[in-house]
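Engineer: The following block contains a protein sequence and its predicted model.
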Amino acid sequence: MRNLIKLLFIVSLMSAPAFAATLLVPEDYPTIQDAVDVAEAGDVVMVGPGEYAGAVIDRVPVIIEGKGKKTRIVAANDYFLWPGESAFLWGIAFYGADHVQLEDITIVSTLWSVAGTRSDRASVKGLEIVDSYQGIASWGGSSWTIEDNVLIGVKMYPWQGGKHADMILIAGQGNGHLIRDNTIYHVGVAVCTGEPGSFCGPDDDEYYIGVALVAFGGPMGDNVVVDNRVTILVEGDGVDNQSAVTLVDYSLMSGGPPLVQGNAVVDNVLVGESTLSFSPSELSELNLVYDNKGPIKGSGK
């Protein structure tokens, strides 16, 4: 009996799940990328005070925690996300990695602040994104939680006939995102000139987005955009439209089937030049929009 108990005890130890490791930056690893490259599923990359290059997470679900304003990603590395692709200036990017968690990090002056591709159930909380060209993007991912983030002066390069700024979320083929309690400030915009490299023509409209759901080629349903605060202060001439909370459906705009429907946009606070808008306007009938506070303009309830 004693030998049987000992055998069962040994078997239980062998079958017990391994504890997640905590990888310290810069104490144990000089860069975030160095820690991410050796991390296993569920490991925590704890980033101390300092300035760091960005990182790319490839298929391994990890947790990256910083110290808020003391942990700053100020320049990205030259890591290639896909073979043959030009390197982007990432803040944090991940590909095929579900359950990635990012918390308490400041990202400054990066091209893509947070971008996840084919990654589900990511959690992005407590980030401060400053003077970068995009906020948080989910490409082909679902069920993200984007909560308690602050975006200040975030801009995006012109594309698809307009210039978007202050993006909390761009999503293609994504369902079930929860976007709540985020604060977006925007001070100053640049007019689209149509010059080479500007990505838009001189007659294109410009619109500036605080919280956005954008469908590129797949459904964007069952998302919740709630309790966000958006302030857009426009400085400059030639801006045709300023939008705080925007839903965009490029399929419907081009005569295809509606992809952005069944979303809820509720209890957001819009201040200053902020508006609520839909592209095209039919989206106001396909999504639940109510009790948003502030100068609501355009279509909507």
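Structural biologist: That came in fine, so what should we check first?

Engineer: Can you list the residue ranges for strands in the stretch 51-200 of the chain?
Structural biologist: 55-58, 63-75, 90-95, 101-108, 112-117, 123-125, 128-130, 136-139, 145-147, 150-152, 169-172, 178-180, 183-187 (DSSP state E, counting those that start in this stretch).

Engineer: Leu270: what's it in contact with?
Structural biologist: Applying Cβ atoms under 8 Å, 6 or more residues apart in numbering to Leu270 gives the contacts 210, 230, 244-245, 276, 292-296. The C-beta positions use only the backbone N, C-alpha and C, and glycine is treated the same way.

Engineer: Worst mean pLDDT across the helices and strands of the chain, which element?
Structural biologist: Using mean pLDDT, DSSP states H and E, helix 2-15 stands out as the lowest-scoring helix or strand of the chain, at a mean of 51.

Engineer: Out of the strands of the stretch 51-200 of the chain, which is closest to Thr31?
Structural biologist: Of all the strands of the stretch 51-200 of the chain, strand 55-58 sits nearest to Thr31, with 7.5 Å by Cβ to Cβ.

Engineer: which helices and strands sit right next to that closest one?
Structural biologist: When contacts are defined as 3 or more Cβ pairs under 8 Å, 6 or more residues apart in numbering; DSSP states H and E, strand 55-58 packs onto helix 32-38, strand 90-95.

Engineer: Compare these and give me the one nearest Val150.
Structural biologist: Shortest distance between Val150 and those, using Cβ to Cβ, is found for strand 90-95: 14.3 Å.

Engineer: about what we covered before: okay, the strands of the stretch 51-200 of the chain in TSV with mean neighbour count and mean pLDDT next?
Structural biologist: As requested, these are exported to TSV (neighbours: other Cβ atoms under 10 Å; pLDDT from 0 to 100):
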stretch	mean neighbour count	mean pLDDT
strand 55-58	22	90
strand 63-75	19	92
strand 90-95	25	88
strand 101-108	22	95
strand 112-117	25	87
strand 123-125	20	97
strand 128-130	22	91
strand 136-139	23	88
strand 145-147	20	94
strand 150-152	20	88
strand 169-172	22	69
strand 178-180	20	91
strand 183-187	20	76
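
Engineer: Perfect, I'm done here.
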